[in-house]
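what's the 3D shape of this:
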Amino acid sequence: MSTKLFRSALTAALLLAAAASATAPTAASAATPPLTRARIAQHFDLAGGQTPENIAMAPDGDAYVTFAAGRQLARISPTGAVRVLATLPEPADGGVHTPALGFPLTTGVVRAGDGTLYFLYATGTADLTGVWRLRPGGRPQRIAALPANGLPNGLARDPRTGTLYVTDSVLGTIWSVPAAGGTPTAWSTAPELAAAGFLGANGLKLHDGAVWASNLDQGTVLRIPVLPDGRAGTPRTRATGLTGIDDFAFTGRGDQLLATLDSPSEVALVQPDGTHSIVLTSADGLQNPTSLALRGDTVHVLSAAYLTAHDPNLLLARLTR
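Got it, this is the predicted structure:
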């Protein structure tokens, strides 16, 4: 799909989602404590489909990202060198039947301790949609098929069991997938995960004995306990009013987290009691941020420029703990 058509389709959808979301608080004009020293570290090629969607960090400082429009998985070195590790096959129909969006895209990515990368691909076709794996020095392979009428988006991995959890933004479902791949299980279909016009369950993290998920349409962050037998417990809404929320990451201070707000081009700091403040804005260089990750005290924020159509980038900021 051309970048122009990609932007047109996603722009219309995100504008609809933004209009339906709750009103965000007044934006800060630049990096606001506890974030400081915000700077753009890397610019990406919009025309080449380098719209970064999700990020996973390695101990050596490498960042692994998915380029949604390019159908790619790439590595970014600490010096800024970008290397494409895989470009996934385009579906026979061009991906026009991909639910909600109408184009094929790579989404969530996580990294295991041995360097294996797991990532998601949504195409609207049964032969390609699902969880993919790339081992060091290997070739990408699909290890679990997910419903073609859904949109796999967020991805998390339990380091104890290797189990993968996947949010489906269209079907309002969190799937669990065995460590080795295979048949997925609908781990939770709670109403709190459902879409309300565009996309529902989105970002995903494992934290403190629970699966946490964001809901873009509803502007919320949810906590779903993992019960002793592995089943999903009762969801609890932990934060609301987060317009256009996409991905999020915990700061290391209990349940405090940072969240990317896509349509308003902001990053919010969400406190354990659910209140939030805006700590990064477009004044810092954000261009529709999609995801973020922490390595030490450095916050890595990806912007895809889905709406702005200008300067997809990687922003770095310092977190004062």
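
hey, let's count contacts and neighbours off CA atoms from now on
Will do.

per-residue pLDDT, the closest residue to Ala100 other than its chain neighbours?
Computed as Cα to Cα, 6 or more residues apart in numbering, the closest residue to Ala100 that is not its neighbour in sequence is Phe198, at 6.6 Å. Reading off the confidence values, Phe198 has pLDDT 97.

how many neighbours does Phe198 have?
By other Cα atoms under 10 Å, 21 other residues sit near Phe198.

likewise for Arg160?
By other Cα under 10 Å, 6 other residues sit near Arg160.

now what about the host helix or strand of Ala86, what contacts it?
Under the criterion of DSSP states H and E, Ala86 resides in strand 82-87. Contact partners of strand 82-87, identified using Cα atoms under 8 Å, 6 or more residues apart in numbering, comprise 70-76, 139-140.

surely Pro140 touches Trp132?
Yes - here Pro140 reaches Trp132: they are 6.5 Å apart, a contact under Cα atoms under 8 Å.

mind listing the helices for the stretch 1-150 of the chain?
3-20 (DSSP state H, counting those that start in this stretch).

in it, where is pLDDT below threshold?
The stretch 1-150 of the chain contains residues with pLDDT under 70 at 1-29.

now the contacts of strand 82-87: which count as buried?
70-76, 140 (16 or more other Cα atoms under 10 Å).

and these, which of them are in strands?
Using DSSP state E, the subset of the buried ones among the contacts of strand 82-87 located in strands is 72-76.

adding distance to Asp311, write the residues you listed out as TSV.
Below are those laid out as TSV (distance: Cα to Cα, whole Å):
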residue	distance to Asp311
Gln72	18
Leu73	19
Ala74	18
Arg75	19
Ile76	17
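
just the closest of these to Gly150, please.
Ranked by distance to Gly150 (Cα to Cα), these are led by Gln72 at 19.7 Å.

what residues does the closest one make contact with?
By Cα under 8 Å, 6+ apart, Gln72 lies in contact with 66, 84-88, 106.

filter those residues down to the buried ones, PyMOL style.
The following PyMOL line selects those of the contacts of Gln72 that are buried, judged by 16+ other Cα under 10 Å:
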select buried, resi 66+85+88+106
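
out of the contacts of Gln72, who's nearest Thr281?
Thr66 (22.5 Å).

what residues does the residue nearest to the closest one when sequence neighbours are not counted make contact with?
Closest residue in space to Thr66, ignoring its immediate chain neighbours: Leu73 at 4.6 Å, by Cα to Cα, 6+ apart. Going by Cα under 8 Å, 6+ apart, Leu73 touches 64-67, 84-87, 106.

Leu73 and Arg295, how far apart?
Distance, Leu73 to Arg295, by Cα to Cα, to the nearest Å: 20 Å.

what ranges does the stretch 1-150 of the chain have for its strands?
35-43, 52-57, 63-67, 72-76, 82-87, 105-111, 117-122, 130-134, 141-145 (DSSP state E, counting those that start in this stretch).

Ser277: which of these is closest?
strand 35-43 (11.5 Å).

what's the closest residue to Ala122 other than its chain neighbours sitting at in phi/psi?
Spatial nearest neighbour of Ala122, chain neighbours left out: Thr129 (4.7 Å); criterion: Cα to Cα, 6+ apart. Dihedral angles of Thr129 (phi, psi; degrees, to the nearest 10) stand at phi -70, psi 130.

phi and psi next, for the closest residue to Thr320 other than its chain neighbours.
Distances taken as Cα to Cα, 6+ apart place Pro34 nearest to Thr320, at 5.0 Å, with adjacent residues excluded. With angles defined as degrees, to the nearest 10, Pro34 sits at phi -90, psi 10.

and Pro34, how far from Leu314?
Separation of Pro34 from Leu314 (Cα to Cα): 19 Å.

Ala74 versus Leu35, what's the distance?
Where Ala74 is concerned, Leu35 sits at a distance of 27 Å (Cα to Cα).

and for the nearest residue to Ala126 once chain neighbours are set aside, the neighbour number?
Computed as Cα to Cα, 6+ apart, the closest residue to Ala126 that is not its neighbour in sequence is Ala148, at 5.0 Å. A count of nearby residues for Ala148, using other Cα under 10 Å, gives 19.

I'd say Ala148 and Ala100 touch.
No - using Cα under 8 Å, Ala148 makes no contact with Ala100, being 11.8 Å away.

burial count for the residue nearest to Thr320?
Neighbour tally, Pro34, other Cα under 10 Å: 12.

list the contacts of the closest residue to Leu257 other than its chain neighbours.
Closest residue to Leu257 apart from its sequence neighbours, by Cα to Cα, 6+ apart: Phe250 at 4.1 Å. Phe250 makes contacts with 256-258, as judged by Cα under 8 Å, 6+ apart.

reformat the contacts of strand 82-87 as TSV; add distance to Thr51.
Converted to TSV, those look like this (distance: Cα to Cα, whole Å):
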residue	distance to Thr51
Gly70	7
Arg71	10
Gln72	10
Leu73	11
Ala74	11
Arg75	14
Ile76	14
Arg139	22
Pro140	20
